Structures are given as C-alpha cells and as structure tokens.
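>>> Have a look at this prediction, sequence included:
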Amino acid sequence: MGTRNKSNFTSSIGFVLTAAGSAVGVGNIWRFPYLAAQDGGGLFLLVYLGLVLTFGFTLLTTDIAIGRRTGRNAWHAFGTIRPKWAFLGKLTFLVPAIIMTYYAVIGGWILKYATVYLTGQRAQAAQDSFFTDFITDRVPPIVFLLIFMAITAFVVYSGVEKGIEKFSKVVMPALLLMIIGTAIYSLTLSHTDASGVTRTGMQGLAVYLIPDFTGLTLTKFLNILLDAMGQLFFSLSVSMGIMITYGSYVKKEVNLEKSIAQVEFFDTGVAFLAGLMIIPAIFVFSGTDGMAAGPSLVFKSLPKVFHSMGQVGTLVGVIFFVMVLFAALTSCVSILETLVSTCMNIFHTSRKKVSLVIGVISAVAAVVVCLGYNVFYFEYTLPNGQTAQLLDVLDYISNNFLMPLIAFLTAVFVGWVIKPEWIAEEMEVQNAKFSKKRFYAVMVRWVVPVVMAVLFLQSTGLLAKLT
Ligand code: PFF
C-alpha cells in the first residue's frame, strides 16, 4: 500500500508556492493563449473563468484533501480508502506519463527561443516561417529537447528540487512582472497590413475580453467547454495525481480552503495576463485569421512584438524566454518527480536508478513525438474538428479524453461511495472553516459527474453520433 508520506509543508505559503510552481508552466503561457485565440477570445475567457470557480475549486479540493487525509500518493491513495477503487490511482498515473512525452518537446522549443535571443537573432525569429522551419528540421529540435530533458532529469536524479523551489520563488514574481510589462506594451501596438487595414492593440483587447455569441451553436459551445475544461485540468495540474501527492505533504495546521483559492488565483492570473500579452499582439499583426494558428501561436506572435521594440526587443526576448524556461522546468520537474517517486514506491528501488530509467524512456518517447513534425508527420482530424499532429493527439488524449474520465470517476467515488462529508472532515480539521461545503457537495455529487460524462462523450465524438 506504500508508506505514509512525510509532511514537508509546515507553512501554507510553502505549499502554495510549490503547488503554483507545478501549476504555472507552459500551460499558462503557451496553451491558454492559443486556445483562447482559437476559440474566439472573450467567450473562451468567460467559460474558463466560470470553470475555475466551480470545477477548478471542486477538483483541486478533492485531490488535495484526498492526499492529505490518506498521506499517500495517487497510485496508493484510492486503494487505501477503498481497495476496489485502487484502479483509479493507476489510471491517474497514465496522465503525467503521457504529458511527459510532449512537455519536453515544448520545453525544447522554449530553450531554442531563449538561445535565439541570446545570440541576437531577433529579426530572424520574427519571420513567419521561422518556427515551422525549426520544428520540421530533423536534428536541432531533438538536440534542444534532449538538453531540456537532461536538465529536468538531473534535478530529479539529484533530488535538488528544494533548490529549484527557492529559485522559483524569485523567478515566478519576476515572470509575472515581465508578462504585465509586455501586456501593457502589446496594448499600445498598431500595425497597417499590405491591404491598408490598420489594427490596434486596443481592438485586440476587445476581442480578448468581449464575448462574441454570434453564430454560436450547441456543438460549438460544447467544443469550447471541452477545450476550456481540458485547459483547466492541465493548467491546475488536477486529475492527474500530482495534487494528491502534494496534498499528502501538507501539515494538518494548513488551512486548505484558503491555500486552494490562492493556487487557483495565481495560476489563473498568470494565464489571463499571458492572454493579455499575446492575443492583442496576434490580432494587430495577423488579424482574426492569425488567431487560429494553434500550438505555434505564441512562438510566432511574440517574436513579432519583440521585434517591433527595436534593439530593446533582444533583451526583453532573452529575459522573457529564460523565465518561461524556468516556469516550464519547474512544471516538468513536477511531472517527472511524480513518475519517479511513484515508481520508487512500487519497485522499492533507489531514486537514482528510477530517475535514470524513466528519464531515458521519457527522452526516447519525446524524440518520437518530436519526429511527428517530419518523419512521422500525419494530419488527423480530432473529434473537435482541429487538424492534429502527433503532439496534439497526445495532448488531446490526456487533457480532453483521459482527464474528464478520471474526473468523472473521482467525482462518483467521492460523491457517492465515500460521500462528500469525507472530504469536508479533512477540510475542517483543527477547526478550519470550509465555507463552500454545501456548494462542494452539490458539485461533486451532481454537476461534475454529469458534465464530465457529456464532455467525455463529446471528446470521443460519440455525442455527435448519438444526436
Ligand atoms: N500545470 C502545468 C502547466 O500549466 O504547464 C503542466 C503540468 C504540470 C501538467 C504537472 C501535468 C503535471 F503533472
């Protein structure tokens, strides 16, 4: 059944910052802006914020309370409570295992951009074909991903996460300031394209903030909901076991409800600001057509913004990509750490051995994903209508397919098997107040299972066949 984890977090701030370090990563700066842009800006933002306050709160509370009450990682937690439900812990493990394979690829892209700015290639990076030329190239993307992976594996191998955490306490606020500064600059942009149309940053801001309901159909809405929900899971690192493990490290005197709200606020704040920095900029330089770029969006739009700053843009580009690199690294370390610590627990082997084996397996898998842009290139139409390559397919399987399934099963387990009171008792230890107790119970018993079932059917394309 695994041993009880030691309580490492005595202060709530230590816990909040570490959880935020895992939560804030490329999900906020790369994934959120491209989804918001692709799904029409304001409408996506509105749906996402609604989900954070309802589903985000429910799922994060569930994960962290299960972790703290059982004192075990995800693999063992469910089985500790009810042996018949042990399978859920194992299913949960699949998600970080899948995400690991492509997170390092994106980490490699960020590393590449950091070096591009370090070597003063600001103008080249701003060219339209720069990103595509890079990822479709054979060797360079593999080299960058392997370097990124090696750094991640080294941190986990030597168990120096504490050092990284200390570092991220400085890097995170600095990253936030950078994003705010760039967002303000984005709003002042103005550009006249070849056809003589001038677009401004403030118009872009309107696209980002004001929901546009014209032409909205139920299917379209469900797809936006699915995208926003998948993003919520990914960004908050919920329904993938990681927050259960973090919960198991938290001391009883920490007020969970407050800490959970802070993690949500921090994570959502960074995502919102990243959107504010990127969406007006992409609108200015490429109009609404450019907004559907998908995963390449950030890598194509930001270099244009930095280029428009002139000489200063090189410095801003260096600082920005180096910081994003650290945000990506802290998240990737948390993913690999989950895989490694779980395997150490299962196989009773040393950290060093397990880190090496998992590090090598992850690197090989990431190389295969990387080759998805040339050797293994294909175009697959996902049930939501998007054209996908290997990386997008894996991202879809983990975030849009597996996570709703896990959230559904977890909600049924908590809502109907162990009952919401089980979670509430943990939230209320040492006389802490769980002010949203009734709301939580309704969410976990009714709303989460129903919505997750619908989204699961939607993500598999079954809903379209049934209706
Ligand atoms: N939440 C991280 C991000 O937004 O980039 C990604 C992530 C971290 C996913 C940890 C999975 C995980 F286990």
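Nice, I can see it. Residues are numbered from 1 along each chain as shown.
>>> which residue sits closest to M344 in space, ignoring its chain neighbours?
When the adjacent residues along the chain are set aside, M344 lies closest to V354, with 5.1 Å between them (C-beta to C-beta, 6 or more residues apart in numbering). Every residue, glycine included, has its C-beta placed from N, CA and C.
>>> Can you tell me the element the one you found falls in?
Assigned by DSSP states H and E, V354 belongs to helix 351-370.
>>> Other residues contacting that helix?
Defining contact as C-beta atoms under 8 Å, 6 or more residues apart in numbering, one finds that helix 351-370 is touched by 100-102, 104-105, 108, 141-142, 145-146, 149-150, 152-153, 156-157, 159, 336, 339-340, 343-344, 347, 376, 390-391, 394.
>>> how about the residues of the stretch 301-450 of the chain near the ligand?
Within the stretch 301-450 of the chain, the positions adjacent to the ligand are 331, 334-335, 338 by C-beta under 6 Å from any ligand atom.
>>> one step back: just the buried residues from the contacts of helix 351-370, in ChimeraX please.
In ChimeraX, selecting the buried portion of the contacts of helix 351-370, with burial taken from 16 or more other C-beta atoms under 10 Å, looks like this:
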select :100,101,102,104,105,108,141,142,145,146,149,152,153,156,157,336,339,340,343,344,390,391,394
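>>> Can you name the next helix or strand after the helix holding V354?
On the C-terminal side of helix 351-370, the nearest following helix or strand under DSSP H and E is strand 380-381.
>>> roughly how far out does the following helix or strand past that following strand sit from the chain middle?
Counting by DSSP H and E, the element after strand 380-381 in chain order, helix or strand, is strand 387-388. Remark: strand 387-388 is offset 19 Å from the chain centroid, using C-alpha atoms, centre = their mean, to the nearest Å.
>>> Same check on stretch 216-231?
For stretch 216-231, the separation from the chain centroid amounts to 17 Å (computed by C-alpha atoms, centre = their mean).
>>> which residues are in contact with it?
Under the contact criterion C-beta under 8 Å, 6+ apart, stretch 216-231 has outside partners 27, 31-32, 35, 38-40, 43-44, 47-48, 51, 55, 384-385, 396, 399-400, 403-404, 451, 454-455, 458-459, 463-464.
>>> Now list the buried members of these.
Members of the contacts of stretch 216-231 that pass the buried threshold by neighbour count (16+ other C-beta under 10 Å) are listed as 27, 31-32, 35, 38-40, 43-44, 47-48, 51, 55, 384, 396, 399-400, 403-404, 451, 454-455, 458-459, 463.
>>> on that earlier part again, pLDDT, secondary structure and neighbour count added to the residues of the stretch 301-450 of the chain next to the ligand, as a markdown table?
Compiled in a markdown table, these are given as follows (pLDDT from 0 to 100; DSSP: H, G, I helix; E, B strand; the rest coil; neighbours: other C-beta atoms under 10 Å):
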| residue | pLDDT | secondary structure | neighbour count |
| --- | --- | --- | --- |
| S331 | 90 | helix | 27 |
| S334 | 88 | helix | 24 |
| I335 | 92 | helix | 24 |
| T338 | 89 | helix | 30 |
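>>> Take those residues and lay them out in CSV including distance to V171.
Compiled in CSV, these are given as follows (distance: C-beta to C-beta, whole Å):
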residue, distance to V171
S331, 12
S334, 15
I335, 18
T338, 21
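>>> contacting residues for A464?
The contact partners of A464, taken as C-beta under 8 Å, 6+ apart, are 219, 383, 458.
>>> That one belongs to a helix?
Yes. Under the criterion used here (DSSP: H, G, I helix; E, B strand; the rest coil), A464 sits inside a helix.
>>> if I look at it, how far off is Q121?
With distances taken as C-beta to C-beta, to the nearest Å, A464 is found 45 Å from Q121.
>>> how about low-confidence regions in the stretch 201-350 of the chain?
Across the stretch 201-350 of the chain, not a single residue meets the criterion (pLDDT under 70).
>>> right, and V24 touches F265 too?
No. Here V24 does not reach F265: they are 11.5 Å apart, not a contact under C-beta atoms under 8 Å.
>>> The two - which one has more neighbours?
Higher neighbour count among V24 and F265: V24, with 29 against 13, using other C-beta atoms under 10 Å.
>>> how much space between the residue nearest to V238 when sequence neighbours are not counted and the ligand?
Using C-beta to C-beta, 6+ apart and skipping the chain neighbours, the partner closest in space to V238 is L59 (4.3 Å). Separation of L59 from the ligand (C-beta to the nearest ligand atom, to the nearest Å): 13 Å.
>>> hang on, isn't L59 packed against V448?
Yes. With contact defined as C-beta under 8 Å, L59 reaches V448; the gap is 7.4 Å.
>>> more neighbours, the two?
When neighbours are counted by other C-beta under 10 Å, L59 comes out ahead of the other of L59 and V448, with 27 against 24.
>>> out of the contacts of helix 351-370, which are inside helices?
Restricting these to those inside helices, with DSSP state H as the criterion, leaves 100-102, 104-105, 108, 141-142, 145-146, 149-150, 152-153, 156-157, 336, 339-340, 343-344, 347, 390-391, 394.
>>> Can you get me a residue count around Q127?
The number of residues packed around Q127, counting by other C-beta under 10 Å, is 14.
>>> mind checking which helix or strand I406 is in?
Following DSSP H and E, one finds I406 within helix 403-412.
>>> burial of A293, as a residue count?
Applying other C-beta under 10 Å, we find 18 residues neighbouring A293.
>>> The residue nearest to M344 and the ligand, how far apart?
Distance, V354 to the ligand, using C-beta to the nearest ligand atom: 17 Å.
>>> Next one, pLDDT for that residue please.
Per-residue pLDDT puts V354 at 95.
>>> That one and V156, how far apart?
V354 sits at a distance of 9 Å from V156 (criterion: C-beta to C-beta).
>>> which residues do those two both contact?
Listed as contacting both V354 and V156 by C-beta under 8 Å, 6+ apart are V340.
>>> give me every residue that touches A407.
Counted by C-beta under 8 Å, 6+ apart, A407 has contacts 55, 59, 233, 238-239, 448, 452.
>>> Those into CSV, with extra columns for secondary structure?
Compiled in CSV, the contacts of A407 are given as follows (three-state DSSP):
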residue, secondary structure
F55, helix
L59, helix
F233, helix
V238, coil
S239, coil
V448, helix
M452, helix
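>>> hmm, back to that, quick one: mean pLDDT over the helix holding I406.
Within the predicted structure, the mean pLDDT of helix 403-412 is 96.
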